[in-house]
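Enquirer: Need the 3D shape of this:
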Amino acid sequence: RPGLALCAGCGGRIQDPFLLRVSPDLEWHVACLKCAECGQLLDETCTCFLRDGKAYCKRDYSRLFGVKCAQCRAAFSSSDLVMRARDHVYHLECFRCSACGRQLLPGDQFCLRERDLLCRADHGLPPDGAAAARGPRS
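Expert: From the prediction side, this is the model:
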């Protein structure tokens, strides 16, 4: 469809014999498809991410819009293992008690107070079995 398409980057008609189509309805001149943040050319060799009609390279899209660790605020890579507490996501090494610094492991009981993770001991809960040993409480 050369000549009929309008470039999503510059708004001009695409007269070129080739165009780049991103998503079903956005078409670009080959020279106009660039990362909105860093200006890197995005072609068939790069992964392109769209947000609000703007194109981004993978690095900038992840930095700007990706989920970040609730503790260190760094982005996650695709190979990272994570821990979740409600709406918060953490790197494994960042999933630590805010009071004592002990790393919390899968199966550990903890409390989430606003943004602070607290292990069982620092939250003030009795050790496992202690409540049962004292008997019922009123």
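Enquirer: Low-confidence stretches in this structure?
Expert: 1-3, 125-138 (pLDDT under 70).
Enquirer: next helix or strand past the helix ranked longest in it?
Expert: Identified as the longest helix of the chain according to DSSP state H is helix 58-65. Using DSSP states H and E, the helix or strand that follows helix 58-65 in sequence is strand 82-85.
Enquirer: Now do that following strand: which elements does it pack against?
Expert: For strand 82-85, the packing partners by 3 or more Cβ pairs under 8 Å, 6 or more residues apart in numbering; DSSP states H and E come out as strand 88-91. In short, each C-beta sits where N, CA and C put it, glycine included.
Enquirer: Show me what the strand it packs on is packed against.
Expert: Packing contacts for strand 88-91, counted by 3+ Cβ pairs under 8 Å, 6+ apart, involve strand 82-85.
Enquirer: Just the buried residues of the strand it packs on, please?
Expert: Buried residues in strand 82-85, defined by neighbour count with 16 or more other Cβ atoms under 10 Å: residue 83.
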